[in-house]
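Peer 1: Have a look; sequence and predicted model below, questions after that.
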Amino acid sequence: MNNEQRAAPADVRRTRRLVTLLGGGTALLAAGFGLMPWIVTRPRPAPDVQLTLLDGTQPRVSDLRGRVVLVSFWSTTCAPCMAEMPTLIAFHRRNAPRGLMTVAVSMQHDRPDRVLAMRQQLPFAVALDVQGEIAQAFYRTEVTPTKYLIDPQGRVVRTHVGRTDFADLQQRIDALLGAQG
């Protein structure tokens, strides 16, 4: 058992074992029934991948250094993603004026026309990942929703897999944005 496994609460370790034994598709089911979220806290470098945003820009993740960034993987066919979308929108609106940048990344299997139809409702940047390269670069993300909080130094400092703990996320963002000010 490595240090990260020892540091995780017993229920998180059991859920991880269950998901590993039953396969990744079960993670979506587990997320829907509240058996998750996983919260990973060990800082690690954010992948330097190019994002193709719906506004036509193509920043690399490294171009966003100096900012606090929330990268949210989601899908229009993911019930938990769609259920938490109003909360994510409110969360973004509350924190964007303070300096948070939110990027919602649609999954490879998402139909681009459905993502484009939703774009009008979303006040943050949206990226299409039609080749799956962004999800692959972000630690082979397969489960939605998954969120990565990136600090101004370009490190992923918080990862939420499954249902998002927005209270925890708010505490982390408050600490990071306070440190910037």
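Peer 2: Arrived safely.
Peer 1: hey, let's count contacts and neighbours off CA atoms from now on
Peer 2: Fine.
Peer 1: The residue lying closest to Glu133 once chain neighbours are set aside: neighbouring residues, count only.
Peer 2: In space, and not counting its chain neighbours, Glu133 is closest to Val49: 8.0 Å by Cα to Cα, 6 or more residues apart in numbering. Number of residues near Val49 (other Cα atoms under 10 Å) recorded here: 18.
Peer 1: give the contact list for Val49.
Peer 2: Residues near Val49 by Cα atoms under 8 Å, 6 or more residues apart in numbering: Arg60, Val61, Ser62, Glu133, Ile134, Ala137.
Peer 1: and the residue lying closest to Ala96 once chain neighbours are set aside, what does it touch?
Peer 2: Leaving aside its sequence neighbours, Ala96 sits nearest to Thr102 (Cα to Cα, 6+ apart; 7.8 Å). Counting by Cα under 8 Å, 6+ apart, Thr102 makes contact with Val69, Leu70, Val71, Ser72, His92, Ala96, Phe124, Ala125.
Peer 1: and the last one, what are its phi and psi?
Peer 2: Reported as degrees, to the nearest 10, the phi and psi values for Ala125 are phi -70, psi 140.
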